[in-house]
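S.K.: My questions are about this predicted structure, shown below with the sequence.
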Amino acid sequence: MEKILRDGKSMNCPACRHEILFTWFSHLNRENQYIYSKDGNELFVRNNLFNKYLDNNSNKDDLDKKINAEFSNFNIYSISSNVKCHMCGFVFPEIYPNNLSARINDDRPVVIDGMQLRTERGLFIVAVQKPTS
Ligand SMILES: [Zn+2]
């Protein structure tokens, strides 16, 4: 699998203290929207992922159902999900838990070292390293 290499930062998992290297994908196209897997660490990015499913009554459960129906055989994605510690599985808190519109329009997903990135161009592994300088 092709690697995407990024410089990032280091933090310790709040649960197990394992070191986690992370960064933000800050160069998505405006049209790109993203969702994380519920288990494991996969980030799925796609143009206008949510837009065609949105209406005035949209809620997170509806979106999860529609996204999974179209893109996943195993119901793996959730708009409430986030990155997880590879060591202990700690799930980082949901961003914008009470603001669906802000979450959908967020264009800076967090990525951590070793996570899988799924895009329309294929699958990638994200490798995050600490800057050497
Ligand atoms: Zn941990």
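M.R.: It's in. This one's a predicted model, so the numbers in the text were calculated from it and none came from an experiment.
S.K.: So which elements touch the longest strand along the chain?
M.R.: As assigned by DSSP state E, the longest strand anywhere in the chain is strand 122-129. Contacts defined by 3 or more C-beta pairs under 8 Å, 6 or more residues apart in numbering; DSSP states H and E place strand 122-129 against strand 2-7, strand 19-24, strand 110-112, strand 116-119. (C-beta placed from N, C-alpha, C; glycine too.)
S.K.: at 6 Å instead, please
M.R.: strand 2-7 (3 or more C-beta pairs under 6 Å, 6 or more residues apart in numbering; DSSP states H and E).
S.K.: that older thread, now the longest strand of the chain against strand 2-7, angle please.
M.R.: 30 degrees (axes from the mean of the first three to the mean of the last three C-alpha atoms, to 10 degrees).
S.K.: which residues are contacting strand 122-129?
M.R.: The contact list for strand 122-129 (C-beta atoms under 6 Å, 6 or more residues apart in numbering) reads 1-6, 8, 21, 23, 111, 113, 115, 117.
S.K.: any idea how far Phe92 is from the nearest residue to Val91 once chain neighbours are set aside?
M.R.: Spatial nearest neighbour of Val91, excluding adjacent residues (C-beta to C-beta, 6 or more residues apart in numbering): Lys84 at 5.0 Å. The gap separating Lys84 from Phe92 is 7 Å, by C-beta to C-beta, to the nearest Å.
S.K.: the more surrounded of the two?
M.R.: Lys84 (21 against 18; other C-beta atoms under 10 Å).
S.K.: so what does the longest helix along the chain touch, helix or strand wise?
M.R.: The longest helix of the chain (DSSP state H) is helix 60-71. Packing partners of helix 60-71 (3+ C-beta pairs under 6 Å, 6+ apart): strand 77-78.
S.K.: Can you tell me the strand partners of the strand it packs on and which way each runs?
M.R.: strand 32-37 (antiparallel) (DSSP bridges).
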